[in-house]
Each structure stands twice: as C-alpha cells, then as structure tokens.
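Participant: Fold the following, please.
(chains A and B)
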2 protein chains.
Amino acid sequence: MVDDIRDRVKRAKADSIRLAAVDTLDKDRALEAMACALDAQRSRIMGENALDMDAARSQVESGDMAPVLMKRLAIDDRKIDGMIAGIRDVASLTDPVGETLDALELDEGLELFQISCPIGLIGVIFESRPDVVPQIMSLCLKSGNATVFKGGREALRSNRVLFDTLKEAIADSGLPSEAFQIMETREDVGQILDLDEYIDLLIPRGSNAFVRYIQDNTRIPVLGHASGICHVHVDAAADLDMAVAVVVDSKVQYPAVCNAAETLLVDGAVAEAFLSRVAERLRQQGVELHCDPRSLSIIGGVPATDEDWDAEYNDLVLAIRVVDSLDQGIDHINAHGSHHTDAIITSDRIAAGRFAALVDSASVMVNASTRFADGYRYGKGAEVGISTNKVHSRGPVGMEGLMIYKYVLVGNGQVVADYASGARTFTHRTLDKRYGDQ
Amino acid sequence: MVDDIRDRVKRAKADSIRLAAVDTLDKDRALEAMACALDAQRSRIMGENALDMDAARSQVESGDMAPVLMKRLAIDDRKIDGMIAGIRDVASLTDPVGETLDALELDEGLELFQISCPIGLIGVIFESRPDVVPQIMSLCLKSGNATVFKGGREALRSNRVLFDTLKEAIADSGLPSEAFQIMETREDVGQILDLDEYIDLLIPRGSNAFVRYIQDNTRIPVLGHASGICHVHVDAAADLDMAVAVVVDSKVQYPAVCNAAETLLVDGAVAEAFLSRVAERLRQQGVELHCDPRSLSIIGGVPATDEDWDAEYNDLVLAIRVVDSLDQGIDHINAHGSHHTDAIITSDRIAAGRFAALVDSASVMVNASTRFADGYRYGKGAEVGISTNKVHSRGPVGMEGLMIYKYVLVGNGQVVADYASGARTFTHRTLDKRYGDQ
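Facilitator: Residues are numbered from 1 along each chain as shown, chains lettered A, B, ... in the order given. Presented below is the predicted three-dimensional model:
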C-alpha cells in the first residue's frame, strides 16, 4: 500500500511535466468535457453519495459525527449545478501559464525572460466536502498543476465517483490524466505528508485543528490558515454609526467563518458613547459579550479572562477591550491576532495609515467589514484558500497562488569567461517584448 | 541561554513592525552610516579577524579545518572596500516597500490595494564568510526586514565586530536597531530552527550538506538550494563550435560553484562529430571525463557508473551520456538534475522551445552557458541567494525575495450583509491609482 501511494504520486509528478505544457484551448476543452461529464453522471454521483450519507447517518445517530458534517457531505442537483458552473467559471479565467513577467537584455543577443509556470504537483487534503474535488481539479488543470487528492473516509464513495468522472473526461480530451490521482485510506495522510520529494505545495481544507496538524507534520509548504482571530478597532476619531454597522456585520453576518470578528477594541475616548450603542445592537442579535473591566463597567456582560483575547469563538460571542490609544490597539492585534484580517474604524487618515502600516495582517480593512476578506469579493474569480503565510501567497489566494516562474535565457553561444575577463560587459536593459517574440 | 535566544528573537520580531514602516530616506541615511562605520573601524575589524585567523590556523595545522575556509574567513582592506561598496549599492536600489502591486474597485468607494511589504523576520545561518553580515544586513534593512544572524564558531570575533559596528550605526541613525540580533554559540542552531513562531524565512549560506541539514530540520521556509547538478544538452541541430565553447565555459570557468555543469548530454546524431572535439578541449583544461558506453567508445575515459548521473563534482570532472533524442535528454535532466540550471545548444527553435517548456528547472539556458545563472548577471543588483524552491522565489533571488504583500481595503462603512442580500453588487473594476492617492 505504501509503495502504491508513492507510485501514484510519482506518476502524477511525471505527468505534471507534460500537463505544464498543454495549451490553453486544449485545457479549456477538457474543462468543458469535465462540466458535461458531471452533468451526464448526475444519477451515478448522487447514488454513490447516498451510500456515504447512509453511513454518515448512522454515525451521527451513534454520536460519532457532528450533524453539520452531513450537510457538507450531501450532494443534490443544486450542488452539482454549482460544481458545473464553477468549472465553467475556471475555464473563463485567463490562462496564467506562459506569461512573460519580465524581460531583460543582459547583452546584445542575450535575453533573459521570467516566465510564469505551474508550481508542479499540488497535494489537496480535505475533510467531508466532496465539492473540493471539482473545484480544485479545475483550478489545477487550468493552471497546469498536477494534483493528488486525499479526502476523508466519510466521503469515500462521493469523492471517488466525482474524481473518476472528471479524470475520465480529462483522459478522453487527450490530456495527461495520470497527473491527477486520488488516495482514500486514512493511513495515507502521514504518507503524503512525507512525500516532500515530489509534492510541491499542500492545500488543506478542513477545521483549524486539521490544518494545524498538517502544518505541524510536513516539510512541504502549506497554503492555508489555522485560525482566524480578527479584530475591529474603533478609533477615537471613528464615525460611531459606521462603527456600529461594521462591528455588527463583522461579528454577526456569518459568525462561523474565519474572517468574522472575535475581538472589539475601543479607544477610551469614545468608549462611553460607543459601547452602550453597539452592545444593544449586538445583544439584539444574540451576541454574548466578554468584557474587560473598563467595558464591563459601561455595558456589563461576562468578565473576560486572558483566554478571551486568544479565542476564536466562531460563534455569537465577542470579546471587548477598551484601549488607551491607537498604538495599544495595534500592539494588542499583533500580539493576539492570527495575522488574518483586522479592521479600523476612523475618519482620521493618519490613524488609518498608521494602522494599515503597523498591523501585521494579510488584510487590513479601513472603514469596512472584516467579512470582505474573501477570494470572490476580492475579485479573484475562484479561491484556492486564504493564507496567513508570510511567503509566496498571503490573504485570499486565487489561481495566482498555484503559479511560480522560471527564467529562460536565450543567447547565441555566450560564455561567462568573456564577461569575467572584461572582454564584454552587461547592458542590463529592460526589454519590451515577450518570450517567443522574434 | 535558551530563554536568552528566544528573548532576542522576540525583540527582533517586535522591532520588525517598526522597521517595516521606516521611510526610504531614513533607511538610506542609515545605510550610508553603516558604510562609514565600517570605514572608520577598519583596524578594529581586522584586529578581531586576526584573532579568528590565529585560531583557524592552528585548526588547519591540526587538520580540523579545510585550508579553503581560512581564505573565506580572512578580512583585509580590499574585502572591507567590497563590503562598503556593497552597502552603497544596496542604498542605490529602489525601495521595494509600499509599492502598489494592484488596485481594484470592489464597489464605488470601496477600494482594494495590494501593497508590497517586508516578510518580517529573516533568519540567516552561515558558515565561515563574515562578509555575509554586511551584505544581508544591508539588504534586510533596505527591504524593511528584521534579521537574526547565526554564524560559525570559527568567525565568532569577526562576525561580532562587524555586527556591532553596523548595529551601532543603525541605532545612531535613530532606526529600530533591536530588529537586528546575532547569536554565537554552536548550540543556537537547533533553537533557531524551532522558532517558526517568530522567524518567517531562513536563508542558509554554506555547503550543500549544511543547507540540506537546515532544510531537513525546520518548519520555517528555507530560501536556498542544497545542490547544483546542471546539464548541457547538445541537440542534433546544434552549432558544434558554439556547443564546444558553451560546454567548456559551463564546466571550466569556475567548477567549484553550483551553476557549473556536471553532466553533458549529446544527441546520438552528432555524438561522433562533437565528442572528439569537445573531449580534446576539456582534457586540455584538465577535465576528467566519466563516460557512458557510447561516449566511451568514441572518446575513451573513465567508465561512468550510476552514481555519476547524480553527482555534483564541483571539480574538473564531467559525466557524459549519449542520448537518442531531445526527450530522452529532457527526461534525464528532470530525473537526475537538481532543478537549478540546465542548458540546450540548438539552432532548432522548436527544440529550444520544447526544452525550455519541459525542463523543470529554475533557469533554462538556450545557447548560453549555465554559469550565467547568478543574481548579479541577471541584473538584480544584489543576490539574496539562488533558490530551487517551487514556491515564493525561484532561481537567482534579489531583494524581491524578501518581500510579500498585504491587502488594504479602504471603504466608508461598507458591510457584507448588503452584498449578500443583493442590495449592492460588486463592480470589480481595475483602478489606475496607488494606495494613498486621493
């Protein structure tokens, strides 16, 4: 079994080279074939999903599975419509492969091109949502990346039928379909995490604990975030109506997600005026308030403990702290946040600029809800994930996160000895041309 | 001691936030102060270096140190001149911080800016070359990155005096100098590799074994390469005079470095005509040839073993294999190379394009020497390192490898609920403006 996994990953890596060179039209044709195949196989897909759902139902009844996971697992006609639309959206995106990012003449007749290319082989490890398969498979195909999937046991049949349907469509389109592989058993995860020789990037999709486990157990770069502890800082110069609206939206609009606010910081200068208003609105929405001593004295609530400042509730709970200054708010965010998304409400441009410069987070919102931090809202067309990494990709990541570049140097026999001796010198002149132009 | 290391790294991380916001003029003033300080402290620097050299000399005499390391360790007036010139070169580079990489209107009055910013805290672990300190310290300062250094024991005094001189100049210029820290004892390395909570990127400088040790023992992203197994493929359509010149340069011009060629692949169609010519030239230069059976039958030499195809000689040795086709050459390179730099010699544009597309290496040379793969030759002004990573930075890396970005969304109170309900829709219109413009 162990050898089988390594073999499949090696096959995917080998085919990744050919996939990287497939042209745009052929990739778009394959994507359309994938969309049509899902449409044609609806009953087979829903039939296999029904078997997973039966097994899940008995697990929920015996208390071995959270009911919310069943909802994520279910595939109906509407979900298949969404998968098909998603694949066609990806087909409509610009091909990111082969773009000339930079062109530089090193010397006459010696031209250096920096060209975008796929990263290579992407590992996708995910929990119970089978719709990850068509979404990531289409993004990886369009961006020329090979992919190995590892789904959860509870979605085994659903993942398999989706994967087989899509892979067959890729093969029928004449593309190197061995670039796509799926693993199924639970034992595979550790194996996959060890294959840093072949896998270039891991994308985990699941709970915070799941993502953190993967980050902590592999040397492969991981694109993702393990937590979302987001703040709204209400500055002394805030428009308080705006602040109420943004705080309520950041907390309440969808509290279960990573870009919802968990902590409210309020400048002492406006604490009295602001807190009673926002507390009323939040409590109307069922939000429980965990307050530091100063905010507690104004609005009451649950006394906050030290744990509250580092908590990701993902629920209708908000920690509240009164701070003495903008810088105290910034320090709190950098110390307790998850470097994901943090907002300031202020009419003071200097305060806004300082907050944006000094808050070390992937997204900084000035007078806007934290909930905007999302690939679709950021106009990316499709979202690979949200990253809190400090290298490669940060914040909401679209297909650009699956790309790297290579340098191609085109000469006519130049040798370094001539430049080392001083017989020739470099010109280093920017070129306005693309690789492949005459 | 352990707590002391963690404390210093935490101090550097804390000051990294302030350093990221220092403006260009202040950074350039500090760089000039650093250059002047090295000039003023020449005798002190050379005095401390002499003590390291004395210790090294006895280690060389007792066989505990390779003589080449002493040459790298030595600091004379000419080396200090080089350090000073290097710092002034960095000062003259464009400030990479705060550039607007992208600007998008999400809706009227809701504008998203993608802005370049420093990565944060860089860890630099290096062997006996003390000139790494001024080089990386100036690059990190200009790019707004905090830095922790860990040098080798053999250069302890030299590293310390350079570091102290430069840090004092930074402090005197009023910049957050605690952003720069140095560790000295040998025990620190393991400690530093564990500090992924604080350190965002590691740059190792040293032998292949040293770099590989670091890559294998940390979860911090590592910018570098552990080996350089570079190939020259002589295609059936090669200009053979050009091929001889490029092969000789790639092997002989500086054989000890990572971008020197280790393996020559020759298409069978030109093997007879080419190999005798190139072998004569290579042997004149003292190169030992390790040949596969077909090349052996043409030019003689040492019979190659399987190990030769994966060897990085870093010396006057070249492995030679005759291949049947371009694709066999490409497959050999992808299987045995280190994804660093590989060259093709051909007059056939289609063959060149196929080689550039399918060879999975950071640099692909068409009719040019592998030795051109270098930050200075690529026009980067200063080189952070050469990377064989598939994420973030690939190939010769300049100051751009020390940068990431953040998103700043500037609104006037927008909430996601309005877009979720359909009351408002996104415009996603590209903006031709920079962050901070009215």
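
Participant: What parts of the stretch 251-400 of chain A come near chain B?
Facilitator: Within reach of chain B by CB under 8 Å from any CB of the partner chain, the stretch 251-400 of chain A has these residues: A:253-254, A:334, A:345, A:352-354, A:356-358, A:360-369, A:371-373, A:377-379, A:389-392, A:394-396. Just so you know, the C-beta spots here come from the backbone N, C-alpha and C atoms, and that holds for glycine as well.

Participant: The residues you listed, buried ones only, as a ChimeraX selection?
Facilitator: To isolate the buried ones among these in ChimeraX, judged by 16 or more other CB atoms under 10 Å in any protein chain shown, type:
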select /A:253,334,345,352,353,354,356,357,358,360,361,362,363,364,365,366,367,368,369,371,372,373,377,378,379,389,390,391,392,394,395,396
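
Participant: So whichever residue of the stretch 1-150 of chain A sits closest to chain B: helix, strand or coil?
Facilitator: Taking CB to the nearest CB, chain B has its nearest neighbour within the stretch 1-150 of chain A at residue A:21, 4.5 Å off. Here residue A:21 is recorded as coil under DSSP: H, G, I helix; E, B strand; the rest coil.

Participant: how about the residue positioned nearest the centre of chain A, what does it touch?
Facilitator: Residue closest to the average C-alpha location in chain A (CA atoms, centre = their mean): residue A:385, at 1.0 Å. Counting by CB atoms under 8 Å, 6 or more residues apart in numbering or on different chains, residue A:385 touches A:203, A:205, A:223-225, A:397, A:401.

Participant: Spatially, which two of these are the most separated?
Facilitator: Largest separation among these by CB to CB: A:205 and A:401, giving 13.8 Å.

Participant: hang on, the earlier thing: among the residues of the stretch 251-400 of chain A next to chain B, which lie within helices?
Facilitator: A:334, A:352-354, A:356-358 (DSSP state H).

Participant: Following element in sequence after the lengthiest helix in chain A, please.
Facilitator: Longest helix in chain A, counting residues (DSSP H): helix A:42-61. Following helix A:42-61 in sequence order, the next helix or strand is helix A:67-73 (DSSP states H and E).

Participant: following that following helix, which helix or strand comes up?
Facilitator: helix A:77-92.

Participant: Can you name the residue of the stretch 251-400 of chain A nearest chain B?
Facilitator: For the stretch 251-400 of chain A, CB to the nearest CB, closest residue to chain B: residue A:368, 3.3 Å.

Participant: Please list the residues outside stretch A:277-293 that contact it.
Facilitator: A:240, A:243-244, A:247-248, A:251-252, A:264, A:295, A:299-305, A:308, A:316-322.

Participant: Now the buried members of those.
Facilitator: A:243-244, A:247-248, A:251-252, A:264, A:295, A:299, A:301, A:304, A:308, A:316-322.

Participant: Mind checking which of the residues you listed are in strands?
Facilitator: A:264, A:317-322 (DSSP state E).

Participant: Please identify which two of these are farthest apart in space.
Facilitator: Longest distance between any two of those is 18.0 Å, between A:317 and A:322; criterion CB to CB.

Participant: And for residue A:118, nearest residue in space, chain neighbours not counted?
Facilitator: residue A:144 (3.7 Å; CB to CB, 6 or more residues apart in numbering or on different chains).

Participant: sec struct for that neighbour, please.
Facilitator: Assignment for residue A:144 (three-state DSSP): coil.

Participant: residues in contact with it?
Facilitator: Residue A:144 touches A:19-22, A:27, A:97, A:117-118, counting by CB under 8 Å, 6+ apart.

Participant: let's go with 7 Å and repeat that
Facilitator: A:19-20, A:22, A:97, A:118 (CB atoms under 7 Å, 6 or more residues apart in numbering or on different chains).

Participant: can you count the residues close to residue A:165?
Facilitator: Counted with other CB atoms under 10 Å in any protein chain shown, residues neighbouring residue A:165 total 19.

Participant: So what touches the host helix or strand of it?
Facilitator: If you go by DSSP H and E, residue A:165 is part of helix A:156-172. Under the contact criterion CB under 7 Å, 6+ apart, helix A:156-172 has outside partners A:30, A:33-34, A:37-38, A:41, A:44-45, A:48-49, A:51-52, A:73, A:75, A:130, A:133-134, A:137, A:141, A:149, A:151, A:177, A:180, A:182, A:184.

Participant: For residue B:31, see how far away residue A:230 is.
Facilitator: 37 Å (CB to CB, to the nearest Å).

Participant: more crowded one of these two?
Facilitator: residue A:230 (29 against 25).

Participant: which residues touch that one?
Facilitator: Going by CB under 7 Å, 6+ apart, residue A:230 touches A:259-262, A:340-342, A:370.

Participant: Those: which two are farthest apart?
Facilitator: For those, and using CB to CB, no pair is farther apart than A:260 and A:342, which are 12.2 Å apart.
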